[in-house]
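>>> Dropping a prediction and its sequence here:
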Amino acid sequence: QVQLVESGGGLVQAGGSLRLSCAASLQTFSTYSVGWFRHTPGKEREFVAAITWPLGRTYYLDSVKGRFTISRENAKNTVYLQMYNLKPEDTAVYYCAARKYSNTNYDSPGQYNYWGQGTQVTVSE
């Protein structure tokens with residue numbers, strides 16, 4: 001069983017930055033594709049970014065391109081989501097998710113086997 005733990009959320013003013021971390025409980029995290037999703041009440045869970053196995057290709061929601069960067073540090077079994085120029089509409093609970101060996105349908109929540117507990121990001125005006 002893979003456990004994912006997100007951290008790094010918080011309250012920030014518009015234009016500010018945050019870096020979210022997703023730490024995994026296993027040494028072979030590099031063999032997993034990892035996605036970040038976000039959820040706000042009344043809306044569907046939304047794909048934000050993904051980094052896929054094996055080549056580390058990255059994909060982003062159009063509205064975060066140029067502002068968010070997903071990366072991974074295999075030695076620490078951790079994936080990051082660096083967020084710059086945050087906007088109030090980025091306010092949500094952010095979740096990381098992982099699946100082993102697969103790199104298709106990276107933007108579909110149903111394709112992921114493991115999820116973290118979420119971390120709240122709040123961007124004020």
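Perfect, thanks for sending it. Numbers count the residues shown, from 1 in each chain.

>>> ok, so what distance separates the residue lying closest to Pro109 once chain neighbours are set aside from Thr28?
Nearest non-adjacent residue to Pro109, counting by C-beta to C-beta, 6 or more residues apart in numbering: Arg45, 5.1 Å away. Where C-beta positions appear, they are placed from N, C-alpha and C, glycine not excepted. Arg45 is 26 Å from Thr28, where distance means C-beta to C-beta, to the nearest Å.

>>> you'd agree the residue nearest to Pro109 is up against His39?
Yes - contact between Arg45 and His39 holds when scored by C-beta atoms under 8 Å: they sit 4.7 Å apart.

>>> shared neighbours, these two?
Tyr95 (C-beta atoms under 8 Å, 6 or more residues apart in numbering).

>>> how about the nearest residue to Phe68, chain neighbours excluded?
Nearest residue to Phe68, sequence neighbours excluded (C-beta to C-beta, 6+ apart): Met83, at 5.1 Å.
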